[in-house]
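S.K.: When you get a sec, could you give me coordinates for this:
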Amino acid sequence: MKVLRQVAARYAVSITQAVRDTIKTANDPIALQYVPQAAELVITPEELNDPIGDEPHSPVKGIIHRYPDRALLTPVKVCAVYCRFCFRREQVGPGQKILSAAELESALDYIRAHNEIYEVILSGGDPLILKPEKLKALITALSAIEHVQVIRIHTRIPVADPQRITDAMGDALQTSKALYIAIHTNHKQELSTLAQEAFARLIKYGCTLVSQTVLLRGVNDNAQALEDLFRRLLALRVKPYYLHHPDLATGTSHFRLSIAEGQAIFKQLRGRLSGLALPTYVLDIPGGYGKVPISASYVQCDEAGNTYVTDPQGHTHLYPPLS
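M.R.: Model (predicted):
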């Protein structure tokens, strides 16, 4: 217990009743995501407080602008639950404040002044922890910016605290712009009846749903677990979007696989799942250099210029050269 108190003293801990209700055993795939572990006190040399390099790309408080046509807006640094593998675990937690009115206006002014920003991604923290009236004001302000055509929200709420997805929340998300909700979920066991009802409510209010999943040792590090999750999501009208290789966040080495292990797992899904059910397997390069796809290559070229393609069963075929 002393060790767990040490973990909780450094990293935020919160588990909602909705999450507790999906935990079946002390070491099941849901418990491992949320319950503090002594392994979190082990910091390895490669781990970073800012593993994906947000800070160098934050021109004003609340804005992260790493890609030319997209900007993250982080209005809040608090979540309903705290994942033990979170890449922002050094920046989020109880006691963190939402942006002040002046800070939020400054962040919005940055977006208004940069015509290249086509898409704004609300992240955090968890944006859907905001009260509906605050969220509605934010969505309205973003919708009024002519060059912003797409609004995306990254959230754990629909699976971790689905009761928050009320009709008032749905009303707050109404906009003339395209609005996407990227739901973070890592295992089929998380998709409770309440979570499914939250998905349906968001869809009813015009939101397009996609998912983000982190590949985690002990949670979903096998093809069957991922296949079950992605099939269920697709049936619930949630498009699997990204499968993230775990980031180099402090105290998370027990969750990480090698890239080769991840590629081998993901390769098993090709041919077993349709393109609709397959996310893109990505690595967020440490240091702020951006995301890149890292699924295993199916194409090889030799020195003679011949091209060979490997099919999902592992057989290699010569692809005809240009005539």
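S.K.: mind listing what's buried in stretch 9-16?
M.R.: Across stretch 9-16, burial judged by 16 or more other C-beta atoms under 10 Å covers Tyr11, Ala12, Val13, Ile15, Thr16. The C-beta positions use only the backbone N, C-alpha and C, and glycine is treated the same way.
S.K.: Make a markdown table from those and add distance to Cys86, secondary structure and pLDDT to it.
M.R.: Formatted as a markdown table, the buried residues of stretch 9-16 follow (distance: C-beta to C-beta, whole Å; DSSP: H, G, I helix; E, B strand; the rest coil; pLDDT from 0 to 100):
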| residue | distance to Cys86 | secondary structure | pLDDT |
| --- | --- | --- | --- |
| Tyr11 | 8 | coil | 92 |
| Ala12 | 9 | coil | 92 |
| Val13 | 11 | coil | 94 |
| Ile15 | 14 | coil | 96 |
| Thr16 | 15 | coil | 97 |
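S.K.: Just want the most central residue of the chain.
M.R.: For the chain, the residue sitting closest to the mean C-alpha position, by C-alpha atoms, centre = their mean, is Gln212 at 4.2 Å.
S.K.: My impression was that that one belongs to a helix - is that right?
M.R.: No. With DSSP: H, G, I helix; E, B strand; the rest coil as the criterion, Gln212 is strand rather than part of a helix.
S.K.: ok so, going back, and the two most separated of the buried residues of stretch 9-16?
M.R.: Within these, Tyr11 and Thr16 form the most distant pair, 17.0 Å apart (C-beta to C-beta).
S.K.: Confirm for me that Lys239 is in contact with Leu209.
M.R.: Yes. Between Lys239 and Leu209 there is a contact under C-beta atoms under 8 Å: 7.0 Å.
S.K.: where along the stretch 151-300 of the chain do the strands fall?
M.R.: Along the stretch 151-300 of the chain, the stretches classed as strands by DSSP state E, counting those that start in this stretch are 178-184, 208-214, 238-244, 280-285, 290-293, 299-301.
S.K.: so where's the protein uncertain?
M.R.: Within the chain, the segments meeting pLDDT under 70 span 96, 323.
S.K.: Can you give the distance from the one helix or strand His317 maps to to the centre of its chain?
M.R.: For His317, the host element (DSSP states H and E) is strand 316-319. From the chain centre to the centre of strand 316-319 is a distance of 36 Å (C-alpha atoms, centre = their mean, to the nearest Å).
S.K.: Can you give me the end-to-end span of stretch 242-252?
M.R.: Stretch 242-252 stretches 20 Å from its first residue to its last (C-alpha to C-alpha, to the nearest Å).
S.K.: re the thing from before, what about the strands of the stretch 151-300 of the chain, which gets the closest to Gln149?
M.R.: When those are ranked by distance to Gln149, counting by C-beta to C-beta, first place goes to strand 178-184 at 6.6 Å.
S.K.: Include distance to Pro36 when you put the strands of the stretch 151-300 of the chain into TSV, please.
M.R.: Formatted as TSV, the strands of the stretch 151-300 of the chain follow (distance: least, C-beta to C-beta, whole Å):
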stretch	distance to Pro36
strand 178-184	19
strand 208-214	18
strand 238-244	22
strand 280-285	24
strand 290-293	28
strand 299-301	44
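S.K.: Around the closest residue to Leu216 other than its chain neighbours, how many other residues sit close by?
M.R.: Excluding the flanking residues, the one nearest Leu216 by C-beta to C-beta, 6 or more residues apart in numbering is Phe255, at 4.8 Å. Phe255: 24 surrounding residues under other C-beta atoms under 10 Å.
S.K.: Wait, Phe255 touches His244, no?
M.R.: No. Using C-beta under 8 Å as the test, Phe255 is too far from His244 to be in contact (11.4 Å).
S.K.: before we move on, the earlier item: residues contacting the strand holding His317, please?
M.R.: Residues from elsewhere that reach strand 316-319, judged by C-beta atoms under 8 Å, 6 or more residues apart in numbering: Val299, Asn306, Thr307, Tyr308, Val309, Thr310, Asp311.
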